[in-house]
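Undergrad: Requesting a structural model of the entry that follows:
(one chain, ligands or ions: 1)
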Amino acid sequence: MALSGIQIYKMLPQTNCKECGYPTCLAFAMKLAAKQVELALCPYVSETAKAELSEAAAPPVRPITLSANGHQVQAGNEVVLFRHEKRFFSQPGLFVRVYDSERIEAIKEKVTAVAQYSADYVGIHLKMGGIALQADGGDFAAAVTAVREVCHLPLILIGDPAVLKAGLAKLDDGKLLLAHATAANWPEMAALAKEQKAALAIQAATLDEMVDLAQKVKGAGVDDIVLAPAQRNLHGTLTANTTVRRMALKKTFRDLGYPILNFAGDAADQEAEIILAAQAIAKYGSFIVLDHFSPAAVYPLLVLRENVYTDPQKPIQVLPGLYEINNPTPDSPLLVTTNFSITYFSVANEVESAGLPAWLLVCDAEGMSVLTAWAAGKFDAERIAKDIKLFNVADKVSEKKLVLPGYVAVLSGEVEEELPGWQIRVGPREAVDLPAFIKQAL
Ligand code: SF4
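TA: All right, here's what the predicted structure looks like:
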């Protein structure tokens, strides 16, 4: 039965020494109760308390972090089945697979493109998780060397134990994921994972076989297990992922309480691969392996991931402040909007791409869009006037002229009262109409 934060707190040392990374034992106890941290972070728990707490406090989905050279892909640690119940915590990493049977130059070219991929989505930096290298009858060790020459992202290595061993000799960085332990090879794979302190993916066709394999591998001393359902089509993947996660969260079934590895790249074609990857992002995939890489395909997947994994209670925001667009001068127009990211980027992008210099005052509206913030009382004349003063806007512009968003035209009189000496103009409702408005009316 799950223990409350207070029940857990009573079993902790209560010295508030902070070594666990939390300011008090109670704060740590609350995190344990929410299953968001591991008991091992506290070095002072008594053996008796440890025995009682470790089972109750362990996260239902074991947290596992793949890492290399300062790059990380975190998985697990989820506590809800549906995003709206709280939030999802560990964004799935997108990995691109190369085969050791490919030409070394082709491997390098593909891996370089993955490593260098970087995109921006409403101020959020998007990047790929890492590389999956699969043994396919080529020179695995040479392929590992080639990958590492051009890419420092985390790795998933896929092959038989003997082949993997040759590749591992070329690596000495971070935490890897090795794949796959099966009913046939699990003792060798478990020994290898244990020796390398790597995570180990286990693959089975049915959940009963998966549970059996997880117990054997764990018994052999491997704690960081990743489940790789053998199913590769849409229906099979969805069923396997959902059942695994449901058992872990609703039944606290430890033998399935692990992150999930999905191979979207095994789909029939690139279109099906993207759909499978999108499904895995939405439904419990932790490490998702693609075979194709193109910015046009991965950008929407990464944006989808952002949207699924952000906190639904907390809108994506930019920092309030006075932003400069296209090197404005004191004569450039002054626009105002809210700090909801999508609102900010809609306005800023329209003005910027039209090549128009402007000042953009972004008010703190708790991350809401213009109309929502106005309706909630978070974007009003008082707030605008306060931010005009807070960010010393009057020092930057030669004329005290302010353009309000058209949706809050109703505020113009009140803003004039709050800002004596300022001239208030009402701009268009939609950001797309701003360039024409600026050219004609200002
Ligand atoms: Fe309390 Fe242990 Fe954290 Fe110290 S390390 S504050 S004793 S929970």
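
Undergrad: what residues are up against the closest residue to the ligand within the stretch 201-350 of the chain?
TA: Using CB to the nearest ligand atom, the single residue of the stretch 201-350 of the chain nearest to the ligand is D223, 21.1 Å away. Just so you know, the C-beta spots here come from the backbone N, C-alpha and C atoms, and that holds for glycine as well. Applying CB atoms under 8 Å, 6 or more residues apart in numbering to D223 gives the contacts R62.

Undergrad: Over to it: give its phi and psi.
TA: Main-chain torsions, D223, degrees, to the nearest 10: phi -90, psi -30.

Undergrad: Repeat that for H71.
TA: Note on H71: its backbone torsions stand at phi -100, psi 140 [degrees, to the nearest 10].

Undergrad: Please point out which parts of the lowest-mean-pLDDT helix or strand in the chain sit buried.
TA: Every helix and strand in the chain was compared by mean pLDDT, DSSP states H and E; the lowest is helix 47-57, with a mean of 81. Buried residues in helix 47-57, counting neighbours by 16 or more other CB atoms under 10 Å, are found at 49, 52-53, 56-57.

Undergrad: which residues of the chain score low on pLDDT?
TA: By pLDDT under 70, the weakly predicted segments of the chain are 1-2, 57, 442.

Undergrad: Geometric centre of it: which residue is closest?
TA: Q91 (3.4 Å; CA atoms, centre = their mean).

Undergrad: What's the local residue count around the nearest residue to it once chain neighbours are set aside?
TA: Spatial nearest neighbour of Q91, chain neighbours left out: Y309 (4.6 Å); criterion: CB to CB, 6 or more residues apart in numbering. Using other CB atoms under 10 Å, Y309 is surrounded by 15 other residues.

Undergrad: going forward, begin numbering at 21 instead of 1
TA: OK, 21 is where the count begins now, so the last one is Y329.

Undergrad: phi, psi of Y329?
TA: Here Y329 shows phi and psi, under degrees, to the nearest 10, equal to phi -100, psi 0.

Undergrad: same question, I144
TA: Dihedral angles (degrees, to the nearest 10) for I144: phi -100, psi 130.

Undergrad: Quick check: residues of the chain near the ligand?
TA: With CB under 6 Å from any ligand atom as the criterion, the chain comes near the ligand at residues 32-33, 35-40, 42, 45, 48, 62, 64.

Undergrad: Let's have those residues in JSON lines, adding secondary structure.
TA: Formatted as JSON lines, the residues of the chain next to the ligand follow (DSSP: H, G, I helix; E, B strand; the rest coil):
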{"residue": "L32", "secondary structure": "coil"}
{"residue": "P33", "secondary structure": "coil"}
{"residue": "T35", "secondary structure": "coil"}
{"residue": "N36", "secondary structure": "coil"}
{"residue": "C37", "secondary structure": "coil"}
{"residue": "K38", "secondary structure": "coil"}
{"residue": "E39", "secondary structure": "coil"}
{"residue": "C40", "secondary structure": "coil"}
{"residue": "Y42", "secondary structure": "coil"}
{"residue": "C45", "secondary structure": "helix"}
{"residue": "F48", "secondary structure": "helix"}
{"residue": "C62", "secondary structure": "coil"}
{"residue": "Y64", "secondary structure": "coil"}
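
Undergrad: Please, a PyMOL command that selects the buried ones among those?
TA: If you want just the buried ones from the residues of the chain next to the ligand in PyMOL, going by 16+ other CB under 10 Å, the selection is:
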select buried, resi 32+40+42+45+48+62
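
Undergrad: okay, the residues of the chain next to the ligand in TSV with distance to A456 next?
TA: Output for the residues of the chain next to the ligand, formatted as TSV (distance: CB to CB, whole Å):
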residue	distance to A456
L32	63
P33	66
T35	65
N36	60
C37	62
K38	57
E39	60
C40	57
Y42	54
C45	61
F48	56
C62	61
Y64	66
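
Undergrad: how distant is the helix or strand containing R117 from the center of its chain?
TA: Per DSSP states H and E, R117 falls inside strand 113-119. Mean C-alpha position of strand 113-119 versus that of the full chain (CA atoms, centre = their mean, to the nearest Å) differs by 17 Å.
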